[in-house]
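Trainee: show me the folded form of this:
(chains A and B)
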Amino acid sequence: AQTVTQSQPEMSVQEAETVTLSCTYDTSESDYYLFWYKQPPSRQMILVIRQEAYKQQNATENRFSVNFQKAAKSFSLKISDSQLGDAAMYFCAYRSAYVPDKIIFGKGTRLHILP
Amino acid sequence: NAGVTQTPKFRVLKTGQSMTLLCAQDMNHEYMYWYRQDPGMGLRLIHYSVGEGTTAKGEVPDGYNVSRLKKQNFLLGLESAAPSQTSVYFCASSYIQFTDTQYFGPGTRLTVL
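Mentor: The predicted structure is shown next:
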């Protein structure tokens, strides 16, 4: 069975600095999708970034980028120039390309931004 | 364009009571999903729908029923609520399939006493 592990329950970063959130996953499948979602205090889940496993190039969205290491089954999220509005829970998620209902979320990392 | 909306935002039930959570989306999405989020855990899929009139079980379907009579609405029902169903419930929708970007509603906090 697939698993998603976020080993950092909480992290803090100084405003304007860079922070990396880690995510590892376990799967025997060759095709899948990986996501990072942000959940601010408002509770709404917001997609931050999406990576397709068959694409070697790391996805980037403005200040957010990933380091996707398929062989190591690692999918870390880097936030550059951290802003106060980045404070939230961040969830890593795995979605199978073969089984439509197989979406697995990690337990989340709470990110604090220090002014 | 309201996106994905959920009704109600909060609810308190007694054990054995029933209720229905309503999810509505105005993006003409085919796929809709219901998740639950418990403390210290990520989201878990309860049920989903791949189109009007269809439903399917997710990871944790027991104790819940769903209906998708209209494309824009996805209802989650609890026939006999139990304290174990205390959770935050999220609805989501996507245009094509699970791999597509999912848009989430604001959540419903349900407490079962």
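Trainee: pull the helix or strand with minimum mean pLDDT from the chain.
Mentor: I went with chain A, as the question did not name one. In chain A, no helix or strand scores lower on mean pLDDT, DSSP states H and E than strand A:103-105, which sits at a mean of 87.
Trainee: sorry, should have said chain B
Mentor: strand B:103-104 (a mean of 88).
Trainee: find the nearest non-adjacent residue to the residue of chain B found nearest chain A, please.
Mentor: Using CB to the nearest CB, the closest approach of chain B to chain A is made by residue B:42 at 2.6 Å. Bear in mind the C-beta positions are built from the backbone N, C-alpha and C, glycine included. The shortest distance from residue B:42 to any non-neighbouring residue, by CB to CB, 6 or more residues apart in numbering or on different chains, is to residue A:105 (2.6 Å).
Trainee: tell me the spacing between the one you found and residue A:115.
Mentor: Residue A:105 is 30 Å from residue A:115, where distance means CB to CB, to the nearest Å.
Trainee: more neighbours: those two, which one.
Mentor: Between residue A:105 and residue A:115, residue A:105 has the larger neighbour count (other CB atoms under 10 Å in any protein chain shown), namely 22 against 6.
Trainee: around chain B, which positions in chain A sit nearby?
Mentor: A:4, A:33, A:42-47, A:50, A:52, A:91, A:93, A:95, A:97, A:100-101, A:103-108 (CB under 8 Å from any CB of the partner chain).
Trainee: all strands of chain B, in order?
Mentor: Counting by DSSP state E, the segments of chain B that form strands are B:4-7, B:10-13, B:19-25, B:31-37, B:43-49, B:56-57, B:65-67, B:73-78, B:87-94, B:103-104, B:108-112.
Trainee: report the central residue of chain B.
Mentor: Nearest to the geometric centre of chain B sits residue B:34, at 2.9 Å (CA atoms, centre = their mean).
Trainee: just the pLDDT at that one, thanks.
Mentor: Residue B:34 is assigned 96 on the pLDDT scale.
Trainee: residues contacting residue A:84?
Mentor: If you count contacts by CB atoms under 8 Å, 6 or more residues apart in numbering or on different chains, residue A:84 has them with A:15, A:113, A:115.
Trainee: flag the least confident of those.
Mentor: residue A:115 (92).
Trainee: check the gap between it and residue A:9 for me.
Mentor: Between residue A:115 and residue A:9 the distance is 22 Å, computed by CB to CB.
Trainee: and what of residue A:73?
Mentor: Taking CB to CB as the measure, residue A:73 falls 20 Å from residue A:9.
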